[in-house]
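A.B. asks: Fold the following, please.
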Amino acid sequence: MKKIVVSMFLLLFFVLGIEAQNIVKGVVTDGDSDKPLQNVLVSVKNTKVSQITDLNGAFLLKNLSNGSYILEVKLSGYETQNFPIELSGKIIDLGTILLYHDISEDQDLSLITITDDELNDDASAADNISGLLQATQDIFLRTAAFEFSSSFFRIKGLDSGNGKVLINGIEMNKLSDGRAQWSNWGGLNDVLRNQEFSNGLAPSNFTFGGVLGSTNINTRASEQRAGTRISYSSSNRSYVHRVMATHSTGILDGGWALTFSGSRRAGLEGFNDGTSYNAYSLFASVDKKINDKHSLVLTSIFTPNRRGKSSPNTQEVFDLKGIQYNDYWGYIDGRKVNSRIKEVEEPILMLNHYWNWSDNTTLQTNVAYQFGKIGNSRLDFNGGANPSPTYYQYLPSFQLRNNDLAAAYQSQQNFVNDGQLNWNRIYDANLTNKAAGLDNAYVLYEDRNDDKQLTINSILNSELNSNITLNAKLEYKRLRSNAFAEVIDLLGGTGYLDINPFADNTNTIDKRQNNLLDPNRVVGKGDKFRYNYKLNSDVVGAFLQTQFKYNKVDFYTAFNISKTSHQREGLYKNGRFENNSLGNSDKLNFTNYGVKGGLTYKITGRHLIDANIGYLTNAPTIRNSFSNVRENNNTVENLKSEKIFTTDVSYIVRSPIITSRLTAYYTEIQDATEISFFFADGIGGDNTAFVQEVLSGIDKKHIGLEIGLEAQVTPTIKLKGAASIGQYTYNNNPDLYLTSDVANVGGFDADFRSKDYTALLKNYKVASGPQNAYSVGFEYRDPDYWWVGATTNFFTNTYVDVAPLNRSANFYEDVDGLPFADYDPVLAKELLQQEKFDDYMVVNLIGGKSWKIGDKFISVFATVNNLFNKEYKSGGFEQGRNANFRQLRNDKALDTPVFGNRYWYGRGTTYFLNVNLRF
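C.D. replies: Residues are numbered from 1 along each chain as shown. Presented below is the predicted three-dimensional model:
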């Protein structure tokens with residue numbers, strides 16, 4: 001009996017030992033390029049066994065019992081492969097598994113193509129959310145990019161500058177405002193497809209990143225798919241037509257690879273009236289593999305573009321003219337001509353060296369140089385009446401305020417029947433002055449920024465062992481910028497007098513002069529005037545990160561440190577600031593750092609918990625470092641680095657049917673600075689001035705939930721949903737003071753500075769688009785490669801941007817510093833109630849079809865956004881004109897306020913159509 005029992009135990013151990021030897025391994029590569037594919041899901045159907053391929057495309061599956069199985073190999077954009085396997089106690093090596101691109105993959109082009117349109121709006125800091133997120137497969141983030149972005153939605157309520165955008169390892173965020181200028185590579189969708197996205201604080205191999213994560217766009221010619229792609233698009237959003245062509249050679253004999261791409265986008269106007277669009281895009285990449293260790297890549301990008309802007313308007317204007325109305329344009333010889341054109345010409349040159357130091361270590365060294373100009377045109381009128389058709393004195397509300405009903409009716413009729421910029425009147429005024437020997441009343445000019453930025457960095461990535469990876473970077477950035485105003489059209493006149501007509505000229509020094517070194521200068525086309533200065537900025541930084549990967553837990557830690565300096569050099573001696581405008585300002589120096597860490601705990605292969613925490617400081621941008629950078633060297637008082645604490649926890653499910661993520665997050669921002677410019681009535685009691693409002697020491701709190709869910713309910717039908725539930729508020733009462741360039745009014749001292757105020761902003765909502773957004777939809781993908789989808793999107797809790805000055809003591813203090821005799825705190829509270837916009841719902845449709853004809857692929861897709869033409873306010877701000885209690889009370893008592901809030905409306909029904917040929 002003992003022998004039998006021992007024999008049974010030995011047999012059991014033998015069987016278990018055989019079972020433990022069941023191993024399935026292999027390497028997954030791209031069937032066209034033979035390059036290994038990372039993040040491929042390899043799973044055994046009807047079991048819980050699965051794995052993601054590593055950097056080398058390798059996978060290794062263990063813990064399988066004997067039997068027959070189906071192995072599924074799946075990656076978005078590729079055809080899914082299924083392999084029958086028979087396990088009987090042996091190691092099965094499947095060798096190299098080739099995945100071929102799914103011909104329906106062009107369905108995903110809808111996202112990157114539509115964002116090319118959405119990324120060009122100046123109206124909100126949310127403008128590059130779409131581009132930042134287009135690389136991710138996360139259902140919530142894709143919904144935010146595709147469905148929410150047109151409503152000025154911001155991820156976690158944060159400015160897009162909190163997300164870092166890199167091209168070939170070079171950070172592209174501007175030093176001036178911290179945001180990426182997406183138009184610098186717009187229209188090059190075909191070569192931007194290879195992207196690595198890190199969500200939030202998640203680790204990136206290229207950068208420490210920001211609170212919103214990072215995207216590295218890889219444009220190497222050797223990693224572009226070989227072949228040619230030609231496409232045509234039509235839309236009624238911003239541009240009307242787009243033609244694009246791209247050719248990649250793949251890797252040629254001798255180790256060379258070439259990619260060329262070009263496009264043209266054009267339209268007389270988009271959804272908003274008079275918003276012309278004219279853009280070219282050119283791209284070239286030359287990739288040379290010197291040997292197995294070294295490669296060099298030269299990349300050039302040039303995307304000159306011009307587009308007409310659209311105006312924010314009061315509700316009075318929208319009620320009279322509709323949501324497509326734009327007051328910036330008027331007719332010249334029957335053509336719509338926009339006075340406010342944004343023109344961007346900033347070529348980018350990059351040289352990248354890739355060094356495969358060893359099998360486990362790479363060193364990438366990059367040099368990039370970007371130069372060119374950004375210009376924003378507008379009218380100036382130091383000798384004429386305000387030409388804007390929405391100037392308050394031309395609207396019915398102004399006449400009604402004066403109880404002149406006849407004039408109000410006439411104003412209404414004039415505005416409804418015309419209401420556009422009157423170019424003929426402008427030309428007539430200048431021609432009349434010219435005939436009388438006088439200078440121009442009007443001139444068209446542009447505010448210019450000519451930047452030259454050099455970036456040099458080296459990025460080290462090393463796999464120390466099978467579990468630990470080290471990432472490090474050293475970087476230097478150097479910006480040299482020249483900002484000035486330049487005359488671009490004299491509009492029929494002979495010359496324009498370079499003065500500020502509102503300034504004081506009764507003293508010994510003529511304060512009207514914009515440049516005392518050349519007083520009473522008359523400027524012509526191509527001349528600089530108004531202001532002229534340089535900005536110099538240097539940043540030196542280092543980044544170190546370690547990533548640990550184990551069976552049950554992955555975790556990482558990262559640290560970065562940087563030193564930033566800003567300095568202004570005035571080239572004009574301004575008459576209002578004769579002692580503090582010419583020459584160099586004080587040099588501003590900031591030392592900043594960031595630390596972050598996180599872990600992913602794998603409950604099972606399909607259920608994960610992910611947690612991250614970080615604390616980082618950011619130097620103030622150049623834009624927020626000088627209180628009136630165009631006219632003087634004054635820096636913001638008590639200027640500090642912005643401090644951010646952020647943390648998030650996520651529960652993630654990844655199963656063959658359900659994919660979902662639930663995230664709770666908390667972010668606190670401290671010591672932020674904001675500078676605003678506006679014309680105000682009621683400064684220091686009853687004074688009027690054009691002011692710079694400096695708000696410093698701002699604290700904000702962002703807390704909320706992100707939810708994303710998709711269910712593959714059948715092989716062809718997918719249900720999806722997403723929700724963002726947030727609360728974004730000011731978390732303190734920041735400091736406020738005003739500066740001005742007009743000292744002959746009360747409320748300012750001899751240095752053009754107001755007294756100190758405290759803005760009572762705590763618990764007001766941050767204007768960050770909809771704070772709550774929801775989306776539900778479905779997608780049907782037919783085996784014959786046609787597909788259709790629809791989503792319904794709901795948006796709530798959108799707030800107007802409040803005027804901080806109205807929440808300070810200036811609001812209720814009279815000229816003697818005491819409260820107004822008629823001040824009513826109850827009424828004041830009602831007047832200062834933050835406007836909340838109406839909730840709204842938008843329905844979007846998308847669909848397409850793909851064909852394979854021989855070795856050619858053809859695809860068509862189309863989208864319709866806002867199917868039912870819903871009108872909704874997507875953003876807005878309080879005008880600062882009514883700066884005290886009496887002014888605001890009297891204005892809001894009117895049926896139609898003269899200085900009501902200004903709004904942006906979302907687009908009505910729009911479409912996008914794309915036809916694509918690939919061979």
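A.B. asks: what's the helix or strand for Y476?
C.D. replies: Assigned by DSSP states H and E, Y476 belongs to strand 468-489.
A.B. asks: which of the residues in that strand are buried?
C.D. replies: Across strand 468-489, burial judged by 16 or more other CB atoms under 10 Å covers 469, 471, 473, 475, 477-488. Yep, even glycine has a C-beta here, placed from its N, CA and C like the rest.
A.B. asks: And those, which two are furthest apart?
C.D. replies: Greatest spatial distance in these: T469 and V487, 55.6 Å, computed using CB to CB.
A.B. asks: before we move on, back to that, in terms of secondary structure, what does the strand holding Y476 contact?
C.D. replies: Using 3 or more CB pairs under 8 Å, 6 or more residues apart in numbering; DSSP states H and E as the contact test, the elements touching strand 468-489 are strand 443-463, strand 528-549.
A.B. asks: is it possible to export those strands to JSON lines including mean neighbour count and distance to G437?
C.D. replies: What follows is the helices and strands packed on strand 468-489, written out as JSON lines (neighbours: other CB atoms under 10 Å; distance: least, CB to CB, whole Å):
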{"stretch": "strand 443-463", "mean neighbour count": "20", "distance to G437": "17"}
{"stretch": "strand 528-549", "mean neighbour count": "19", "distance to G437": "21"}
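A.B. asks: Distance to E693 and mean pLDDT added to those, as CSV?
C.D. replies: Shown next, in CSV, are these (distance: least, CB to CB, whole Å; pLDDT from 0 to 100):
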stretch, distance to E693, mean pLDDT
strand 443-463, 19, 97
strand 528-549, 19, 97
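A.B. asks: Those: which one's closest to G161?
C.D. replies: Nearest of those (CB to CB): strand 528-549, 14.5 Å.
A.B. asks: mind listing what's buried in the helix or strand following that closest one?
C.D. replies: Per DSSP H and E, strand 528-549 leads on to strand 553-570 as the next helix or strand towards the C-terminus. Buried positions in strand 553-570, judged by neighbour count with 16+ other CB under 10 Å: 554-556, 558, 560-562, 564, 566-568, 570.
A.B. asks: Just list what the helix or strand following strand 553-570 packs against, helices and strands only.
C.D. replies: Downstream of strand 553-570, the next assigned helix or strand under DSSP H and E is strand 583-584. Here strand 583-584 touches strand 553-570, going by 3+ CB pairs under 8 Å, 6+ apart.
A.B. asks: Sheet-wise, list the partners of the strand it packs on with their directions.
C.D. replies: Sheet pairing of strand 553-570 (DSSP bridges) gives strand 528-549 (antiparallel), strand 583-584 (antiparallel), strand 588-602 (antiparallel).
A.B. asks: closest one to L831 among these?
C.D. replies: Across the strands paired with strand 553-570, L831 has its closest neighbour in strand 528-549 (35.8 Å, CB to CB).
A.B. asks: Taking their axis directions, the closest one and strand 443-463 sit at what angle?
C.D. replies: Compare the direction of strand 528-549 with that of strand 443-463 by axes from the mean of the first three to the mean of the last three CA atoms, to 10 degrees and you get 20 degrees.
A.B. asks: coming back round to it: compare the helices and strands packed on strand 468-489 and give me the one nearest P770.
C.D. replies: Nearest to P770, of those and by CB to CB, is strand 443-463 at 31.1 Å.
A.B. asks: Mind giving me the packing neighbours of the closest one?
C.D. replies: If you count contacts as 3+ CB pairs under 8 Å, 6+ apart, strand 443-463 packs onto strand 170-171, strand 361-380, strand 468-489.
A.B. asks: Paired strands for the longest one, with orientation please.
C.D. replies: According to DSSP bridges, the neighbouring strands of strand 468-489, each with its direction, are strand 443-463 (antiparallel), strand 528-549 (antiparallel).
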